[in-house]
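**Student:** From the sequence below, what's the structure:
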Amino acid sequence: MTTFVNCPTCGSKLEWTEKNRFRPFCSERCKQIDLGAWAAEKYVIPAVDPAEDIDDDGKLQP
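**Tutor:** A predicted model of the protein is given here:
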């Protein structure tokens, strides 16, 4: 059974096989676009500062 995935950059559907050397991307171009976004720090996970955002009961403040 063949697995199909969407390219994370452009959304085009592609076959997940070893023949596709750019997987999970559809092309070298989409791979480079994603690398550029990563290098520009566009992918971030918000951090929570426990000293400021958690009250005395251990609950997250809004």
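**Student:** what about residue 14, how many residues close to it?
**Tutor:** By the criterion of other CB atoms under 10 Å, residue 14 has 19 neighbours. Quick note: C-beta positions are derived from backbone N, CA and C, even for glycine.
**Student:** Skipping adjacent residues, who's closest to it in space?
**Tutor:** On the basis of CB to CB, 6 or more residues apart in numbering, the spatially nearest residue to residue 14 that is not a chain neighbour turns out to be residue 26, at 4.8 Å.
**Student:** Run through the residues that contact the one you found.
**Tutor:** Contact partners of residue 26, counting by CB atoms under 8 Å, 6 or more residues apart in numbering, are 7, 9-10, 12, 14, 20.
**Student:** of those, closest to residue 42?
**Tutor:** For these, the closest approach to residue 42 (CB to CB) belongs to residue 9, at 12.1 Å.
**Student:** which parts of stretch 8-23 are buried?
**Tutor:** By neighbour count with 16 or more other CB atoms under 10 Å, stretch 8-23 contains the buried residues 9, 14.
**Student:** start to end distance for it?
**Tutor:** End-to-end distance of stretch 8-23 (CA to CA, to the nearest Å): 10 Å.
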